[in-house]
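Trainee: coords please:
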Amino acid sequence: MLIDFSVKNFRSFKDKQTLTLVKDAGKEMEETNTFKSPSPASESLVRSAAIYGANSAGKSNLIDAIRVFQQIVRESSRKISIDDQLKLEPFLLSTKTENKPTKFEINFIVKGVRYQFGFVANQERILEEWLLAYPNRRPQLWYERTCKNKTTQWEFGTKLTGSKQTWANATRDNALFLSTAVQLNSHQLTPVYDWLVHSLEISAKKRWSGDITTTLCQHEGGKKQVLDFLTKADLDIVDIKTKKRDIAPDSMFAELEKTHRDGLFVHLSESSLNYFDIKTARVNNQGEQVFLDFRTESLGTQKLYDLAGPWITALENGHTLFVDEMNNHFHPKLIEYLISLFHNSETNKHNAQLVFTTHETSILNQNIFRRDQIWFVERDPVEGSTVFPLTDFSPRKSISNLESAYLSGRYGGIPYINREPLRVAEDSAYQTYHSKKT
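Mentor: The predicted structure follows:
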């Protein structure tokens, strides 16, 4: 369960920005939209958060921040050498930050215990790293790592067991201690690592690839779940067929090019490339099933197929799901339905959480969200992006028209449109080009 996530000096985020899923004092929709934290060191949490903002405000950068954070946790101890750089991009519009490191920190709950994990890094090395546990209300320092003048210093708490110094000696400058220790069989740190890597499900740019859904469709029970999900979303798909092909490593690039052209779904592993030809069935006027190539489906249908797998697995396992631009290709009522699955205790028995960015304002109302579930991102050309909650504005409970207030600019996070006529040169580039062509 996610409590909060913070980022500093990453892309459009100059100063520290924090997204929190901690419930405020409001009593509205407590039974559906919130849940009691299983950790004594954490307050109750909300089940979803919607993030609004103008184009280029930094909404996608917030999703990218959690993705890059997760990627470093997953990959820093493997597949890279001491010379490989970490994929970090500092805020470049200030001379004060362009050469400074990036900072990530996350608070979360695993098996009833709250953890606080974070690190500071530049492209070359990890400069700081820390992990605290809260089995009760008091924090326990498990380890802390600091780097000064290219010399790493370690502090280990008594509650962290195992071959701590051996793990520290094996940790490269550009790798995390957490990832290295787990790779070297730290059973105590494995639940922390597993939650960060497997319980945070994050969409790629604009969409998932469909891998999770296609994997579910490989067995009958999973396929029934996918079909039930699509049917309840008002799609008349009655069956799905997937044809898997294994591709040898020396044929990967050619097959990737063909896959991109044909619109198939790809799954990469360390030793092979698998791709699937997807067909969907509908019923014709004779009551017979007719299978169609999936690439002929609308973009909305394809994206809903992509989402089906992550939605199902997140709800089943209590994962935290991050989705960028959920408004793309979806009807507002469909978006409302997808959100409702997280707000329903029957479909969300394990307190999964949903965090998404959107421009869809029809769901911006107090019949769907509590006030502490709505967030905005606004960007200053020099100072960078700022993340802030609706509760900063104290809207009146169940009275304020949130959509109207947002679109009128009361909460910020909207684009400024200059409505002056566009300039047209007397001898524009187009006119020059057109005259030469004719």
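Trainee: Dig out what Gln140 forms beta bridges with.
Mentor: Ala133 (DSSP bridges).
Trainee: all helices of the stretch 1-150 of the chain, in order?
Mentor: Residue ranges of the helices in the stretch 1-150 of the chain, as given by DSSP state H, counting those that start in this stretch, are 30-33, 59-75.
Trainee: how distant is the longest one from the center of its chain?
Mentor: The one in question is helix 59-75. 7 Å (Cα atoms, centre = their mean, to the nearest Å).
Trainee: List the buried residues of it.
Mentor: 59-70, 72-75 (16 or more other Cβ atoms under 10 Å). Just so you know, the C-beta spots here come from the backbone N, C-alpha and C atoms, and that holds for glycine as well.
Trainee: Ok, the first one next?
Mentor: Using 16+ other Cβ under 10 Å as the burial criterion, the residues of helix 30-33 that qualify are Asn33.
Trainee: Restrict it to CA atoms and write it as CSV.
Mentor: C-alpha atoms of helix 30-33 as CSV (Å, rounded to 0.1, in the frame of the first residue of the first chain):
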residue,chain,number,x,y,z
GLU,A,30,-15.2,6.8,4.0
GLU,A,31,-16.6,3.3,3.4
THR,A,32,-16.0,3.2,-0.3
ASN,A,33,-13.1,5.6,-1.1
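Trainee: Could you name the helices and strands sitting against that helix?
Mentor: If you count contacts as 3 or more Cβ pairs under 8 Å, 6 or more residues apart in numbering; DSSP states H and E, helix 30-33 packs onto no helix or strand.
Trainee: Could you list the residues in contact with it?
Mentor: 23, 46-48, 343-345, 369-370, 373 (Cβ atoms under 8 Å, 6 or more residues apart in numbering).
Trainee: Mind doing that once more with 7 Å?
Mentor: The contact list for helix 30-33 (Cβ atoms under 7 Å, 6 or more residues apart in numbering) reads 46-47, 343-345, 370, 373.
Trainee: Contact partners for the closest residue to Asn99 other than its chain neighbours?
Mentor: Excluding its sequence neighbours, the residue lying closest to Asn99 (Cβ to Cβ, 6 or more residues apart in numbering) is Pro90, at 7.4 Å. Contact analysis of Pro90 by Cβ under 7 Å, 6+ apart lists 9-10, 97-98, 100, 102.
Trainee: where does Pro90 land on pLDDT?
Mentor: On pLDDT, Pro90 comes in at 97.
Trainee: how about the longest helix along the chain: buried residues?
Mentor: Assignment by DSSP state H gives helix 299-317 as the longest helix of the chain. If you call a residue buried by 16+ other Cβ under 10 Å, then helix 299-317 has these buried ones: 301-315.
Trainee: So what's the gap between that helix and the chain middle?
Mentor: With Cα atoms, centre = their mean, you get 14 Å for helix 299-317.
Trainee: Same check on stretch 78-95?
Mentor: 20 Å.
Trainee: Now which of the contacts of Pro90 would you call buried?
Mentor: 9-10, 97, 102.
Trainee: sorry, back to before: any idea how far the residue nearest to Asn99 is from Gln302?
Mentor: 35 Å (Cβ to Cβ, to the nearest Å).
Trainee: which residues sit in contact with Asp372?
Mentor: Contacts of Asp372 by Cβ under 7 Å, 6+ apart are 23-24, 26, 46, 389, 391.
Trainee: What of Ser398?
Mentor: Applying Cβ under 7 Å, 6+ apart, the residues near Ser398 are 28, 366.
Trainee: do that again at 6 Å, thanks
Mentor: With contact taken as Cβ atoms under 6 Å, 6 or more residues apart in numbering, Ser398 is in contact with Gln366.
Trainee: Ala133 too?
Mentor: So Ala133 contacts 115, 140, 142 (Cβ under 6 Å, 6+ apart).
Trainee: re the thing from before, tell me the one of the contacts of Pro90 nearest Thr320?
Mentor: Using Cβ to Cβ, Phe10 comes nearest to Thr320 of these, at 19.2 Å.
Trainee: Could you give the bridge partners of that closest one?
Mentor: Phe13.
Trainee: if we can go back for a sec, contacts for the longest helix of the chain, please.
Mentor: With Cβ under 6 Å, 6+ apart, helix 299-317 has contacts from 201, 207-208, 210, 212-213, 216, 225-226, 229, 233, 321, 329, 347-348, 352.
Trainee: Most widely separated two among those residues?
Mentor: Pairwise over the contacts of helix 299-317, using Cβ to Cβ, the maximum falls at His329 and Asn348, 24.0 Å.
Trainee: Counting neighbours, go ahead and name the busier of the two.
Mentor: Asn348 (22 against 16; other Cβ atoms under 10 Å).
Trainee: how close does that one sit to Asn317?
Mentor: Where Asn317 is concerned, Asn348 sits at a distance of 11 Å (Cβ to Cβ).
Trainee: quick one: Gly118 and Thr102 touch, right?
Mentor: No. Using Cβ atoms under 6 Å, Gly118 is not in contact with Thr102; the gap is 10.9 Å.
Trainee: confidence score at Pro249?
Mentor: pLDDT at Pro249 comes out at 65.
Trainee: sorry, back to before: which members of the contacts of Asp372 are classed as buried?
Mentor: 23, 46, 389, 391.
Trainee: still on that earlier bit, name the residues that touch the very next helix or strand once past the longest helix of the chain?
Mentor: Using DSSP states H and E, the helix or strand that follows helix 299-317 towards the C-terminus is strand 320-323. For strand 320-323, the surrounding residues in contact (Cβ under 6 Å, 6+ apart) are 2, 63, 66, 200-203, 310, 314, 353-356.
Trainee: Which one of the residues you listed is nearest to Val382?
Mentor: With Cβ to Cβ as the yardstick, the closest approach to Val382 among the contacts of strand 320-323 comes from Ile63, at 23.3 Å.
Trainee: Give me the neighbour count for the closest residue to the closest one other than its chain neighbours.
Mentor: Excluding the flanking residues, the one nearest Ile63 by Cβ to Cβ, 6+ apart is Asp324, at 4.5 Å. Applying other Cβ under 10 Å, we find 23 residues neighbouring Asp324.
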